[in-house]
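Q: dropping a prediction and its sequence here:
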Amino acid sequence: MSRLGAGALERLRRPSLARRLVMLAVGWSFAALVISAVVLALLFQQAALRRFDAGLSDLIDNLISGSTVEGGEVLAPALTDLRALRAYSGRYWAITEPEPEGGVRTLTPSRSLWDSELTVPRDLPSRLQAAPSKPIAFDGPGPQPGERIRAVARWTTIPGREAPLIFIAAENRGPVDREVRNFVTATAVFFALLSAGLIVAVFVQVRVGLEPVFRLGAEVADVRRGKAERLAGTYPTELQPLTDELNALVAHNQETVERQRTHVGNLAHALKTPISVMMTEAAQRPGPLAEVVTRQADVMRQQVDHHLRRARAAARSQGQGERTSVAEVLDELSRTLEKIFRAKGVEIDWDAPDELFFLGERQDFMEIAGNAMENAGKFGNRRVRVRAEASGPEKMRLTVEDDGPGLTPGQREEVVRRGARLDENAPGSGLGLSIIDELARAYRGALTLGDSSLGGLAVVVDLPGAES
């Protein structure tokens, strides 16, 4: 998996307040819409069946009111419903009587039944007898294969016959089922579109609602990158206490850094003055003791410079972000060093984008780049090449190359050690690369030594970068 894909996967796995709100709103909205759709479908089906049963009950009323008994036989009235006169038309009725063992026996069927009989539940007579005035609706198979019917039955008596009769009216329920299916389909489409609209609305609502949070995060990042000194935006009352606390924290950090810098300066002054006095006194009184004092005092001064430099850089790296133009510093250093090495004829070729910035103080970057470029001019022949570029999000890389003799892998490890010098005849204290390494580490960067395409040493320093 590519680094980009792994990063996207990691962001998806990371908890997200916006995603949580969206998923929660989508979850309850989807559940509410599904429940609403099911309830609407059931209500529509029940309403359709009630209308259907009402029509069948009207047919039973007509049958009951027009039926007569002649010679012991039950005669049905001449109905005007033509569907009941056509065989297997889907509209049926029958006048039946209950059987002792359950079920019914057909006395007078509609012509549409032809040679078939309506199939009824065996417990229908007992259920009707328990509530004689209440019709009972039921579903069952129709006369034709695969046909489903809806039937209504009523228990009653008619003049001329003491035994009870059961009047049954039935009709193919296919049209009702199709009507219900059409309603369910239309409802599902409508609710699907409504769900999509709600999801979009919820997403927009969450994005708009959390916009101050996103804006706060961007402003905090600007403060960290050195593009702003404090949070200056106006935020809702829920976030205003947080912004006030963040501004107070930034102010506290700035105060702490300034206090550390003052302390470091005072310490440097307090230590360097006695060391300078010791070296001056030793120089005025030559002798073996003076040489030892001078040598040890010089080591002490180097140690003081080393530790104070690290403390100062660490304090700066922990404080508010400051942006330093890389191109401006390299241009200034190149002109200065070319004058210094004019007798040697050193030419410095540098290149850096104008929009590239070092996330740190100008003095520290000048010390990093200056030491690397000075070493290249000192140990190289005539050519020095300097390149600065962005190496990733909020990262930059400085590369300084020379055409000198270079260093072996073992010498590279040795020369980074503080104060190590491979050439005792060269001027300087031997702290150049050590200083670069210390400052780079203080800014959570790294120093790497390698071979230059010019034939000499390549000094590569990875440092934090700032957006333009």
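A: Perfect, thanks for sending it.
Q: what's the helix or strand for Ala188?
A: helix 174-209 (DSSP states H and E).
Q: and the contacts of the helix or strand that that helix is followed by?
A: Downstream of helix 174-209, the first helix or strand assigned by DSSP H and E is helix 211-225. By CB atoms under 8 Å, 6 or more residues apart in numbering, the surrounding residues in contact with helix 211-225 are 17, 228-233, 235-236, 239, 242-243, 246, 250, 320-321, 323, 359, 394, 466-467. To be clear about C-beta, it is placed using only N, CA and C from the backbone, and glycine gets the same treatment.
Q: helices - which of those land there?
A: 17, 242-243, 246, 250 (DSSP state H).
Q: please report how far the residue of the chain most remote from its centre lies from Pro77.
A: If you look at how far each residue of the chain sits from its centre, by CA atoms, centre = their mean, the farthest one is Gly71, at 86.3 Å. Distance, Gly71 to Pro77, by CB to CB, to the nearest Å: 17 Å.
Q: ditto for Trp93
A: On the measure of CB to CB, Trp93 and Pro77 end up 11 Å apart.
Q: do Thr237 as well
A: 80 Å.
Q: quick one: which of the two has more around it?
A: When Thr237 and Pro77 are compared for neighbours, Pro77 comes out ahead with 12 against 6, by other CB atoms under 10 Å.
Q: for this protein, give me the ranges with low pLDDT.
A: Along the chain, the model assigns pLDDT under 70 to residues 1-15, 80, 225-227, 257-258, 261-270, 272, 302-303, 305-321, 417-432, 467-468.
Q: how's it carved up into domains?
A: Split into domains by automatic domain parsing, the chain comes to 69-172, 240-315, 322-466.
Q: rebuild these as JSON lines, extending it with distance to Val223.
A: Converted to JSON lines, these look like this (distance: least, CB to CB, whole Å):
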{"stretch": "domain 69-172", "distance to Val223": "73"}
{"stretch": "domain 240-315", "distance to Val223": "6"}
{"stretch": "domain 322-466", "distance to Val223": "11"}
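Q: just these: most buried one?
A: domain 322-466 (a mean of 18; mean count of other CB atoms under 10 Å).
Q: what is the end-to-end distance of it?
A: Start and end residues of domain 322-466 are separated by 9 Å (CA to CA, to the nearest Å).
Q: where's that domain relative to the chain centroid, distance-wise?
A: 41 Å (CA atoms, centre = their mean, to the nearest Å).
Q: change the start of the numbering to 12 and stick with it
A: Fine by me, first position is 12 from now on; the one you just mentioned is domain 333-477.
Q: which of the contacts of helix 222-236 fall within strands?
A: Residues of the contacts of helix 222-236 located in strands (DSSP state E): 334, 370, 477.
Q: give me phi/psi at Arg172?
A: Main-chain torsions, Arg172, degrees, to the nearest 10: phi -150, psi 120.
Q: nearest residue to it other than its sequence neighbours?
A: Nearest non-adjacent residue to Arg172, counting by CB to CB, 6 or more residues apart in numbering: Val80, 4.8 Å away.
Q: where does that neighbour sit: helix, strand or coil?
A: strand (DSSP: H, G, I helix; E, B strand; the rest coil).
Q: who touches it in this structure?
A: Val80 sits in contact with 86, 169-172, where contact means CB under 8 Å, 6+ apart.
Q: might you report the residue contacts of Ser345?
A: Taking CB under 8 Å, 6+ apart as the criterion, Ser345 is in contact with 359, 361, 384, 397.
Q: now for the second one: which residues touch it?
A: Trp361 makes contacts with 341-342, 345, 396-399, as judged by CB under 8 Å, 6+ apart.
Q: nearest to Arg192 among those residues?
A: Nearest to Arg192 among the contacts of Trp361 is Ala399, at 71.3 Å by CB to CB.
Q: apart from its neighbours in sequence, what residue is nearest the closest one?
A: Here the residue nearest Ala399, using CB to CB, 6+ apart, is Ala363, at 3.8 Å.
Q: how near is the one you found to Gly356?
A: In terms of CB to CB, Ala363 sits 24 Å off from Gly356.
Q: and for Pro156?
A: Per CB to CB, Pro156 is found 109 Å from Gly356.
Q: likewise for Ser121?
A: On the measure of CB to CB, Ser121 and Gly356 end up 122 Å apart.
Q: ok, back up a step: between Trp104 and Pro88, what contacts are shared?
A: Leu74.
Q: next up, the contacts around the nearest residue to Arg94 once chain neighbours are set aside.
A: With sequence-adjacent residues excluded and distances taken as CB to CB, 6+ apart, Arg94 is closest to Arg102, at 3.6 Å. The contact partners of Arg102, by CB under 8 Å, 6+ apart, come to 92, 94-95, 121, 123, 181-183.
Q: need those in a markdown table (columns: distance to Ala141).
A: What follows is the contacts of Arg102, written out as a markdown table (distance: CB to CB, whole Å):
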| residue | distance to Ala141 |
| --- | --- |
| Asp92 | 30 |
| Arg94 | 32 |
| Ala95 | 29 |
| Ser121 | 27 |
| Ser123 | 30 |
| Ala181 | 21 |
| Glu182 | 25 |
| Asn183 | 29 |
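Q: got the residues you listed as TSV, with distance to Pro420 and secondary structure columns?
A: Listed next are the contacts of Arg102 as TSV, based on distance: CB to CB, whole Å; DSSP: H, G, I helix; E, B strand; the rest coil:
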residue	distance to Pro420	secondary structure
Asp92	107	coil
Arg94	103	helix
Ala95	107	helix
Ser121	107	coil
Ser123	104	helix
Ala181	99	strand
Glu182	98	strand
Asn183	94	strand
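Q: and the gap between Glu240 and Pro475?
A: As judged by CB to CB, Glu240 and Pro475 stand 18 Å apart.
Q: right, I mislabeled it, should have said Val115
A: Distance of Val115 to Pro475, given as CB to CB: 93 Å.
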